[in-house]
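Chemist: Need the 3D shape of this:
(chains A and B)
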Amino acid sequence: MRAFRSEWIKLSRRNTMLGFGGAMVGLTLLFTLLAFLSVGGANVDLDGGQTEAFVTADVLSLSDGSVFAVTNLASMLGVVALALFASSMAGEFNKGTIRMLFVTEPNRLKVLAGKLAALVSFVVVGLAATMIASVAIGALLAPGAGVDTSAWWTTEGLAAIGTTYLNITGAVLIPGLIGAAIAVLTRSAAIAISVGAAYFILGEALIAGFWDTLGQWGPSAVSNALAVGGTGGEGMMGGAAPVIAYGTAAILAVGYGIVSVAVSSTTLARRDVTN
Amino acid sequence: MTSIRTSGLTKDFGDLRAVDGITMELPQGGVTGFVGPNGAGKSTTIRMLLGLIKPTSGEGEILGHSIKDPSAYLHRVGALIEAPAFYPTLTGEENLRVFARLGGHDQHRIAEMLQTVGLSDRGTDKFRTYSLGMKQRLGIALALLPDPDLLVLDEPTNGLDPQGIVEIRQLLMELGASGKTVFVSSHLLAEIEAACDSIVMIDQGGVVFSGSIIDLLNRNSPTIRAAAENESDTTLLIQLATSAGYPTKRVNGAIEIDAPSVWAPELNRLAWQAGITLRELQATSADLEHAFFAMTGNNKTGTK
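Modeler: Down below sits the predicted model:
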């Protein structure tokens, strides 16, 4: 608990709030705005032909239309979380503060647990703010875009908001925890963020071209599947729908989280602090 | 009772032996200096004592507890390890609060410690705006935060101005006199000599002396430094000293004679009788710097 409260002093500084919190809320608001402004528009294909844009008034008028923007941005929010976790963990090595943390609290696992708990709570709070802001701005823009929001406020609509919040939180924490593990291993924020972000944005999809299994069961695929609700959900950004079921994705997400925390804790506990 | 005791403490980094069987014992209370050339193993030893680095072999005890269990004693230890490391975008006060919360220390001591190190008027400024000396002071404030029984400070006067050095020296001496144990490493040998009661001197990973500073100084004889006006007379000057039974060596156009200071007038007389005019004649009492170079076998320019 002491490590958790100590970490929050760092997280509550303006730079972190504006940088990472602002990125989460800002990205979602931007996408929400673009989604509502593009209703009724068309995609222009490479051959000059036009197809209907995947954002339509009908889609946004569904009971889960309020969370359309957040759901489709889950992978980007995951990268923001990865950057937050990685910079926070690796920053302790870069600045040399890790040695003072471990002299002040010699139980390294307590330091790690408090730090990760604080980062998770930051993301949980940040995502709540993000969803509230996205739903609110969507409700404001809906009349102008011809979107009927009556289904948003039904029991089914409110349940969709709650479920999506839980799913997105899980989906975003997978890259976050993996980013923390890479940061502990490499002790470099730059390496951890670039390697982690490259993997989640592009790397896994590229490798999946040669190895199908990774494209279906890898951390990025699992994160996306969790965000859209498994096999029943639409693909993110109009892409391919996930091939693994929601329950499987949830179990795998927990598994990736446990492995990441195990790697971080084992490395921290065993390695000499020479920074 | 001892505050720090080590026996054969050794640390290897791959093929490199950084610390080679350090054995030392520090009593409780007082100020002990920890000196050695760069790369001698001081920081590695300090990190082993603080549980940051696991020894390859050997044993150690801090305040009666094995260094294998840092949780048992670190709450009674304050430390400053190498350059002070803090969060640049937090203020000095917020930085101390981060560690006070983590360690469960009394938050009210933050203002008190900032005042102790002379930072009370800059506590609300961001750490990144601090000068090196101010950063060092904040590091010392952090080390004092838990009201420790043992204070381990690695180069605490780095970057401080002369006034700051004197203030920190006085602080360390007061802490030592109050019954706390202060273990301080420094490159400033004059500072160690002025502030410390005892000393641990290491070189190439091993202890070359451990004991009181007075004992160390008594082991090292004083010297007389002399230089002839005409450099061609230097050889004759050496013969005069050697004939009197004192070993000599040439140092930058002068000679250094291992002889008591009372022999300096006699040398002056002998030189005058031999027709040598001296342009320099200086009796040097033994000090820590001379003792250090004598014990480590390094001269000033040869120090790593």
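Chemist: from here on, contacts and neighbour counts on C-alpha atoms
Modeler: Fine.
Chemist: Tell me where the model's unsure across chain A.
Modeler: Residue ranges of chain A with pLDDT under 70: A:40-54, A:215, A:230-241.
Chemist: distance between the ends of stretch B:231-251?
Modeler: Using CA to CA, to the nearest Å, one end of stretch B:231-251 lies 12 Å from the other.
Chemist: next one: stretch B:112-122
Modeler: End-to-end distance for stretch B:112-122, by CA to CA: 13 Å.
Chemist: what sits up against it?
Modeler: Stretch B:112-122 is contacted by residues B:92-93, B:111, B:123, B:134, B:137-138, B:140-142, B:144-145, B:168 when judged by CA atoms under 8 Å, 6 or more residues apart in numbering or on different chains.
Chemist: Up against chain A, what does chain B have?
Modeler: B:50-54, B:70-71, B:74-75, B:79, B:81, B:85-87, B:89-90, B:94, B:97-99, B:101-104 (CA under 8 Å from any CA of the partner chain).
Chemist: who touches the residue positioned nearest the centre of chain B in this structure?
Modeler: In chain B, the C-alpha nearest the mean C-alpha coordinate belongs to residue B:186, at 3.4 Å (CA atoms, centre = their mean). By CA under 8 Å, 6+ apart, the contact set of residue B:186 is B:33, B:34, B:35, B:154, B:155, B:156, B:157, B:192.
Chemist: Can you name every helix or strand that the helix or strand containing residue B:142 contacts?
Modeler: In this structure, residue B:142 sits in helix B:132-144 according to DSSP states H and E. Packing partners of helix B:132-144 (3 or more CA pairs under 8 Å, 6 or more residues apart in numbering or on different chains; DSSP states H and E): strand B:77-80, helix B:92-103, helix B:109-116, strand B:150-154.
Chemist: Output those as a markdown table; include the columns mean pLDDT, distance to residue B:16 and mean neighbour count.
Modeler: Formatted as a markdown table, these follow (pLDDT from 0 to 100; distance: least, CA to CA, whole Å; neighbours: other CA atoms under 10 Å in any protein chain shown):
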| stretch | mean pLDDT | distance to residue B:16 | mean neighbour count |
| --- | --- | --- | --- |
| strand B:77-80 | 92 | 25 | 27 |
| helix B:92-103 | 94 | 34 | 24 |
| helix B:109-116 | 91 | 39 | 19 |
| strand B:150-154 | 92 | 22 | 25 |
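Chemist: Out of the ones you listed, which gets nearest to residue A:31?
Modeler: Closest approach to residue A:31 among the helices and strands packed on helix B:132-144 (CA to CA): helix B:92-103, 36.2 Å.
Chemist: which residues of the chain fall in strands?
Modeler: You didn't pick a chain, so chain A it is. With DSSP state E as the criterion, chain A has strands at A:42-44, A:50-52.
Chemist: That was the other one, I meant chain B.
Modeler: B:2-13, B:16-27, B:30-35, B:57-62, B:65-66, B:77-80, B:150-154, B:181-185, B:198-203, B:206-212, B:223-228, B:248-251, B:254-257, B:278-284.
Chemist: List of residues touching the helix holding residue B:142?
Modeler: Helix B:132-144 is contacted from outside by B:77-80, B:83-85, B:92, B:96, B:99, B:113-114, B:116-119, B:127, B:151-153, B:156-161, B:164, using CA under 8 Å, 6+ apart.
Chemist: start to end distance for stretch A:264-275?
Modeler: 17 Å.
Chemist: thinking again about what came up before, please report how far the residue nearest to the centre of chain B lies from residue B:158.
Modeler: For residue B:186 relative to residue B:158 (CA to CA), the value is 8 Å.
Chemist: Around chain B, pick out the residues from the stretch 1-150 of chain A.
Modeler: A:2-3, A:5-7, A:9-10, A:13, A:95-97, A:99-107.
Chemist: how does it look with 7 Å?
Modeler: Contact residues (CA under 7 Å from any CA of the partner chain) of the stretch 1-150 of chain A with chain B: A:2-3, A:5-6, A:9, A:95-97, A:99, A:103-107.
Chemist: want to throw those into TSV with neighbour count?
Modeler: Putting the residues of the stretch 1-150 of chain A next to chain B into TSV (neighbours: other CA atoms under 10 Å in any protein chain shown) gives the following:
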residue	neighbour count
A:2	19
A:3	24
A:5	17
A:6	24
A:9	16
A:95	15
A:96	21
A:97	17
A:99	25
A:103	26
A:104	28
A:105	22
A:106	23
A:107	15
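Chemist: want to throw these into a markdown table with distance to residue B:216?
Modeler: Formatted as a markdown table, these follow (distance: CA to CA, whole Å):
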| residue | distance to residue B:216 |
| --- | --- |
| A:2 | 46 |
| A:3 | 45 |
| A:5 | 49 |
| A:6 | 45 |
| A:9 | 48 |
| A:95 | 38 |
| A:96 | 35 |
| A:97 | 37 |
| A:99 | 33 |
| A:103 | 32 |
| A:104 | 35 |
| A:105 | 37 |
| A:106 | 36 |
| A:107 | 39 |
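Chemist: now for the longest helix along chain B, which elements pack on it?
Modeler: Using DSSP state H, we find that the single longest helix of chain B is helix B:162-177. Under the contact criterion of 3 or more CA pairs under 7 Å, 6 or more residues apart in numbering or on different chains; DSSP states H and E, helix B:162-177 touches strand B:30-35.
Chemist: Could you list the paired strands of the strand it packs on along with their orientation?
Modeler: If you go by DSSP bridges, strand B:30-35 pairs up with strand B:181-185 (parallel), strand B:198-203 (parallel).
Chemist: weakest of those strands by average pLDDT?
Modeler: Of all those, the minimum mean pLDDT falls on strand B:198-203 (a mean of 88).
Chemist: Using PDB, write down the CA coordinates of that one.
Modeler: Output of strand B:198-203 as PDB, limited to C-alpha atoms (Å, rounded to 0.1, in the frame of the first residue of the first chain):
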ATOM      1  CA  SER B 198      38.600   6.100  11.700                       C
ATOM      2  CA  ILE B 199      39.200   5.000   8.200                       C
ATOM      3  CA  VAL B 200      38.900   2.000   5.900                       C
ATOM      4  CA  MET B 201      41.200   2.200   2.900                       C
ATOM      5  CA  ILE B 202      40.800  -0.100   0.000                       C
ATOM      6  CA  ASP B 203      42.800  -0.600  -3.200                       C
END
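Chemist: now what about that strand, what contacts it?
Modeler: Residues from elsewhere that reach strand B:198-203 (CA atoms under 7 Å, 6 or more residues apart in numbering or on different chains): B:31-37, B:40, B:207-213, B:296.
Chemist: Any of these buried? List them.
Modeler: Using 16 or more other CA atoms under 10 Å in any protein chain shown as the burial test, the contacts of strand B:198-203 include B:31-37, B:40, B:207, B:209-211, B:213, B:296 as buried.
Chemist: Which member of the residues you listed is positioned nearest residue A:275?
Modeler: Closest to residue A:275, out of all of the buried ones among the contacts of strand B:198-203 and judged by CA to CA, is residue B:40, at 17.7 Å.
Chemist: Please tell me how far the residue nearest to the centre of chain B sits from residue B:241.
Modeler: Plainly put, residue B:186 is 36 Å away from residue B:241 if you go by CA to CA.
Chemist: Same check on residue A:139?
Modeler: As judged by CA to CA, residue A:139 and residue B:241 stand 100 Å apart.
Chemist: Report the two of the residues of the stretch 1-150 of chain A next to chain B separated the most.
Modeler: A:2 and A:95, at 21.1 Å, using CA to CA across those.
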